[in-house]
Each structure stands twice: as C-alpha cells, then as structure tokens.
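In: Sequence and predicted structure, then a few things I'm wondering about:
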Amino acid sequence: MDRTPENEESAEVAGKTNILVRYAVVVLLLSLVVGGILVHLFKISYVDGHKWVRTWQKEQNWRPMRVVSPNRGNIYSSDGKLMSTSMPMYELYMDFRLDNKFPKDSFLYSRNNGVDSLAYYLSKKLKDRSTDEYKAYLKRGINSRSTEFRVSSKKVSYIDLKEIRKYPFFRLGRNKSGFYEKEYLERQKLFGSLAGRTIGYIDEHYWDNLSKGMKGIELRYDSLLRGETGRSRTTRVGGRWVNVSLEDPVDGYDVVTTLDTQIQDITEKALHDKVRELQPSEAVAIVMEVKTGEVKAITNLIRTRNGTYSEAENRAVNGQYEPGSTFKTAVMMVALEDGVCTPDKILDTNHGIYIYKGLPIRDHNYNRGGYALLSAEQVLWNSSNVGMVKIVLGGYEHNAPKFIAGLERIGILSDLNLEIAGAGKPRIFKPGDRGWSDQSLPRMSYGAEVQMPPIYTLAHYNAIANRGKMIRPIFTKEIQRDGKSVDRFKTEEIVSSICSAKTLEIIRSMLVNTVEKGTGSAARSDVVSIAGKTGTAQLINRDGTIYGHNVSFCGYFPADNPQYSCIIFMHRPNGNPSGGIMCGTVFKSIAEKIYSRQSKIIVRSMAPDSASIGVPEVKSGNAKSLAYVLDELNIKNTGAVKSGYVSGKRNMTTQSLDIKELTVRDDLIPSVIGMGAKDAVFALEKCGLNVRLSGRGKVESQSLPPGGRIVKGQTITISLKN
C-alpha cells in the first residue's frame, strides 16, 4: 500500500484508539481492585470490627476496659476535724468451686484449718452468728457450689480484713481456700450523729461508679465532692496482670464547714439532756456567730416510734412552725418604727383576757388575774398577748397592709437563700388571701398564723445582736483541693439595717430585761449576760381544741457585746408549756459552756489568795534535793547545812523555811522520822539495814529506835502516813 497522507492519518487514529482501549481496560481492572479493597475495608471496620477488636485484645492479653472511681472529697469542721470521709470497706466471699478443686475434705475435717475453727473465729469477730450457725451456714455454701458465696452480711475494715485473712482455712491463701474480698468505698461520719442531718448522706452506687449526695452538704456540693471517673485496662505482662491507666480519675474537692465540733457537742448534749426529760416530738438547737453568720452548731432531734431520738429531718431549716411569742419582738419593732407606740406607753391588759370580735385573747397568767396595767416595754418583758394585740390593733386595725409591709421592711420575711436543699421559707397571710380573716391581724401580733423555720427567727435576732445588719446564715466556709483553698465563702448581707438605731437600742434593752425581769428569767446567768425572748404557741385543731404547744427561746450572748446568737425550739413537749423554763434553761447551759470555753485566765497576773500558804510543808530528806526545789520555787530558807540530811520547819511570820541539820553516823541507827520513803530507804540501807515499808506518805515511826548500834543485815520496819 502506498503511503499517503490519508493512510498515515488513519493509522495514527487507529493506534491512539488501541492505546485508549488498553488504558480503559487497565483503569477498569484497577478500579475493581480498589473497589474490592474498599469493600473489604468497610467489612473489616464496620461489619466485623468488634470481632477483630476482640481477637486483637485476646492476642494482646487485654482485659475489657473498666471504670476507675475517684475519691469523694472530705467534709471538715471549721476547727479542722474530719467529719465525713470515704473509707474502704470489704465484703467477704468464698469460691466453693475453685476451678473444681475446692479442698472439701480439708475444710470439713481438718482440726487446725477446718470449718469448726473457722466458724469459731468468725463468730467471735463478726458477732452476727453463733459458732454453730456459722458452721451450718458455711456447710450450705459447699452444697451451693457458688463462686460468690457471701461469708457475712457485714462489711469489715482493712485492719479487720488483715486479721480475718489469718483465720483457719483462710490463711491457706485464695488459690487454696477460695477466700477473697470485694472493696467498696463507704461514707463514714467520724463524729457519729454529730450534725448528721446537716452533713447529709450519699447513695454509694449512683451511676458509673460515682456516689451521689442525698441530703445536706453532701447534696448541696455533690458536683464538687464526687469528682470524675477515670478509665483503665489490665494486660498480661511477664505472666502477670498489670493495670494500665488510660485516663486518671479526678478526686473530689474537700468542703470545710462552719461547724465547730466543740460547740456542736456542747449544743447536742444540752439539748439531749432536756429532751430526755420533756420528751418532745421534735427539738431543734442552732448556734450562729453574730458577725459572720457562720452556723457553729445545728441539732435536729425527732422522736422515733421506739421512743429514741434521731436526726431524721433537718427541721431547723425546713420545719414550718408558728414561732409564738418570739415573733413579738419583730411586731414591737414595726410598731416602734411606725410610731404606733413608745416604750413607756401604758396599756390595760384587762387582767389577762380581751374579747375581740367575739373571740377571747388570753395571757398566760389570765387565771391568776393577769397583769392589769403594763407599759409597752413591760408587755414584751412579760410576753402579754393582750398587750401586743392592743398595740397592733391601735395602729393597724384599719390598715393591715401597712403592718405586713413593716414586717417585710425589717427583714424577718426575707428569703435567706440557704445552702441546705429543701430549706423552707416564711409563710404569712396577707389581706385578700384565702386564709385571711378578721382574727388574722390580732393573732399575728403574738406569733400565730405565721409559719417559719427556726433559722429564720434566729437570723432576725442575730441582726438585732449585729447592730441591725441582717446576714445570711452560712454552713460552708471554704472549698479546698489538696489542702489548698479554692474558694472562700464571705459574709453576705441581706438587709443593711432592719430598723433605726434608736429603735434597735430600745429592742435590745427590752430583750435584756426580758431575761432579767420577765418571762426569760430561767435563762438568767451569773456567768454570761444573756438577752432574748421566750416563745409559746398553742397547737389548735380545726375544731378549736388544743393538742399541744411549741416552745422556744431565741437570743444572743454576751448581751453587751454579742458573739453568738442561738435558738432552742421544741414541738409538743410534755409538761406545763413554758419557753423560758423548757428552752431558756437549755440556752443558758449552752451559753455558759461556750463562754467559759473562750474565757482565758492569766494565773500569773492574779492577786494571791488570802488563804494561800506561801511556804509549803516539806519532808525531811536529802539536803541537795531540798535546796534545788527551794531555789526553783524562790522560797527563802535559813540555817547552815553540813550533813547530807536535813529537816525543814515553816516560819509563817517571815514566810521562810528554817532548815535543821540531821545528824547521821555510820555506826548508829539514824532517825528517818519525817522523811519520804525514797530518802528513808536510802539512808537506812546505806547503814546496812534491811528495810520494810508500810503505808504511804512521810515516815511516822520506825521499829528500831534512832541512836542504837547497827547490826548489819538487821531488819527495820518503817511506817508511813500522809
């Protein structure tokens, strides 16, 4: 064929087409290969992924990942005492299968390591079963063939666990005895029930190996206390399993409370003593530091069905009670501020009974003729219901909203925004409310138809003690991590001034005189000055019958320079109801003990007692020892001493000691009359005599007379007497 331009062009096109075809085939083949790879990769990663991971773990000797629990933070008192902490506790188990090699015969019949000995030791240690019961119980375990047979329902500490591991059969070790333990972190209060409800408690196994606070401070700061879990795996290395941490747990923060363990102990004991006597259904005591609002002690006692008392509820902060006459202080403050009365205004209490719109209002002593005429300040001292009703009706009978506004102004109804979960708030009727009636205003004047937790009443009295500044009660002082402060809680002001300075001084004077001259006389103390107010409120059924009383005493001390405020409250105590006698005496006991604890006596600055003896009586004895003591005590003495033994006689005229030398010869029996036992025995044995002692104190007599010739080895008896 001739080569022409047309033929060459046709050949070139055919060649290119052939190359493209081959390229397409190659690309197609490569695409199929890549597609196959992608399909297999998808299958390996997503379809068979879990299978290959398990295979890899098996080959690598990995165990499944596990959660690592953090340490829950501790709770401390303000004085540095550990109040709540997590401690490891152990449950005891036995594996009765033990890879089908449990030594049954050894367990049943061995004299030293058998079930008989083991049952005896377990019964003696755990005290939850008798020896025979433990023996029968452990035998049932053999028949159960269980790999997790619980030895006891009790958990034990690590110290007890170390001891139990040494018991018969268990001491053979896990691989032979099948004995093992499971560790749990258990929350423990190191001071028992001390402020137990305020500290709170936790759910040990809440979620993902974390604990959860259920009440009190444990709940309030749960997110800080609980910490964060970690992750770990174990792998076999060199024939043994080694733990490998993938993510370390983060331990919880520590919480430092405002509670003072000594004040808490004083408060609880004082309240317990009175509660045992009066048997109320509920009782509360709170002590607060005036300047800071720090709650130093809080106690809640609730009577159980069996007659004992426990901290089942934090009634100090969530209880809704009629405050009774302790509320009269707030009412008087409003009346004084609004100019409704003055301290010297005279009121006729109608001999203890006053009828208002058909219903009687009575004073506590109406059956004894009442008080007749009283000044306004005497009305508060003597807690006259009639007097308070007349003051309130005189100023607010036709303007009740003004009275309610006055209560709000002085802060007694303010929200304290307490840290404790479930804290209550004051409840009070207002004109127009469903519960408001024409008796509401007079009843409110003596603390009825008002409900509030005891801590709200205390906060108002604390404001009176704190020169009118109302501050929020706080239970937490600081948040710490590894002993270092992370956050400090500061005093928070709620109301800068609850009333004018003039009204405040009048109210403070009234509270002092309530204790000195009025219904609070049972709280009067010779140790510390106390200011406060009694409270007694009737508990009335719907049919008008009385089924009990609330009694209380609230105040502060020392009255002239307040350091602490305190409230004592009891619900339905036995006996003749009296806030002063029932609660004021508890307040007094707490105040005296706290005040005495803080009092410092500088002995060196005290004047000598007129009955003191400046020169002490001394025993006869070694001259050097006596000289050393006299020199240390800076006591003057007279007389020259040559021998080793002396006697001393007090000279009260010169306030000195006259020293007299005792003659001692090696060949003569010495006189040891007046010496102490040590010096007497030394002097006599030095002469070669055997000494017998009788009695204690100074030598009163000796069997061989002084001055006689010594016979070596002779026995002499000396009698001592104090």
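Out: That came in fine, so what should we check first? Numbers count the residues shown, from 1 in each chain.

In: Which parts of the stretch 551-700 of the chain are helices?
Out: Assignment of helices within the stretch 551-700 of the chain using DSSP state H, counting those that start in this stretch yields the ranges 585-598, 623-632, 677-686.

In: buried sites along the last one?
Out: Of the residues in helix 677-686, those buried under the neighbour-count criterion (16 or more other C-beta atoms under 10 Å) are 677, 679, 680, 681, 682, 683, 684. Every residue, glycine included, has its C-beta placed from N, CA and C.

In: quick one: the helix or strand harbouring residue 550 to chain centroid distance?
Out: Here residue 550, judged by DSSP states H and E, is contained in strand 546-557. Centroid displacement of strand 546-557 relative to its chain, using C-alpha atoms, centre = their mean, to the nearest Å, is 25 Å.

In: pLDDT (mean, whole number) over it?
Out: Model confidence over strand 546-557, given as mean pLDDT, is 93.

In: That strand - contacts with which helices or strands?
Out: Helices and strands touching strand 546-557, by 3 or more C-beta pairs under 8 Å, 6 or more residues apart in numbering; DSSP states H and E, are helix 454-465, strand 531-540, strand 564-571, helix 585-598.

In: could you redo the last one with a cut-off of 10 Å?
Out: strand 282-289, helix 454-465, helix 501-517, strand 531-540, strand 564-571, helix 585-598 (3 or more C-beta pairs under 10 Å, 6 or more residues apart in numbering; DSSP states H and E).

In: Run the chain-centre distance for the helix or strand following the first one.
Out: Elements were assigned by DSSP H and E; along the chain past strand 282-289, the next helix or strand is strand 295-303. Using C-alpha atoms, centre = their mean, the distance from the centre of strand 295-303 to the centre of the chain it belongs to is 10 Å.

In: Same question for stretch 402-410.
Out: With C-alpha atoms, centre = their mean as the basis, the mean position of stretch 402-410 lies at 37 Å from the chain mean.

In: Stretch 667-677 now?
Out: On the basis of C-alpha atoms, centre = their mean, stretch 667-677 is displaced by 60 Å from the centre of the chain it belongs to.

In: Around the residue nearest to residue 701 when sequence neighbours are not counted, count how many other residues there are.
Out: Of all residues beyond its chain neighbours, the one nearest residue 701 is residue 719 (4.8 Å), with distances taken as C-beta to C-beta, 6 or more residues apart in numbering. By the measure other C-beta atoms under 10 Å, the count of residues near residue 719 is 14.

In: Just confirm residue 719 contacts residue 699, I think it does.
Out: Yes - Residue 719 sits in contact with residue 699 when judged by C-beta atoms under 10 Å, with a separation of 7.2 Å.

In: Can you check which residues contact both of these two?
Out: Common contacts of residue 719 and residue 699, defined by C-beta atoms under 10 Å, 6 or more residues apart in numbering, comprise residue 693.

In: want to try a markdown table for the helices and strands packed on strand 546-557, with distance to residue 401 as columns?
Out: Written out in a markdown table, the entries for these read as follows (distance: least, C-beta to C-beta, whole Å):
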| stretch | distance to residue 401 |
| --- | --- |
| strand 282-289 | 32 |
| helix 454-465 | 21 |
| helix 501-517 | 21 |
| strand 531-540 | 24 |
| strand 564-571 | 29 |
| helix 585-598 | 35 |
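
In: and residue 690, which of those is closest to it?
Out: helix 585-598 (54.3 Å; C-beta to C-beta).

In: Now that closest one: buried residues?
Out: For helix 585-598, burial by neighbour count (16+ other C-beta under 10 Å) applies to 585, 586, 587, 588, 589, 590, 591, 592, 593, 594, 595.

In: The third one contacts residue 570, doesn't it?
Out: No - in this structure, residue 587 is not within contact of residue 570 by C-beta under 10 Å, at 11.8 Å.

In: what sits in contact with each of these two?
Out: Shared between the contact lists of residue 587 and residue 570 (criterion: C-beta under 10 Å, 6+ apart) are residues 285, 552, 553, 579.

In: what about the nearest residue to residue 553 once chain neighbours are set aside, neighbour count?
Out: In this structure, residue 553 finds its nearest non-sequential neighbour in residue 583, 3.8 Å apart by C-beta to C-beta, 6+ apart. Number of residues near residue 583 (other C-beta under 10 Å) recorded here: 34.

In: Bridging across strands, which residues link to residue 692?
Out: Beta-bridge partners of residue 692, counted by DSSP bridges, are residue 717.

In: any weak-confidence spans in the stretch 551-700 of the chain?
Out: 599-619, 621, 626, 630, 633, 636-644, 646-658, 661-666 (pLDDT under 70).

In: Please report how far residue 96 lies from residue 524.
Out: 71 Å (C-beta to C-beta, to the nearest Å).

In: Neighbour count for those two, which is higher?
Out: residue 96 (20 against 14).

In: so who does the residue lying closest to residue 584 once chain neighbours are set aside touch?
Out: Ranked by C-beta to C-beta, 6+ apart and with sequence neighbours excluded, the top spatial neighbour of residue 584 is residue 523, at 3.5 Å. The neighbours of residue 523, taking C-beta under 10 Å, 6+ apart as the test, are 514-516, 530-534, 553, 555, 557, 568, 579-581, 583-589, 591.
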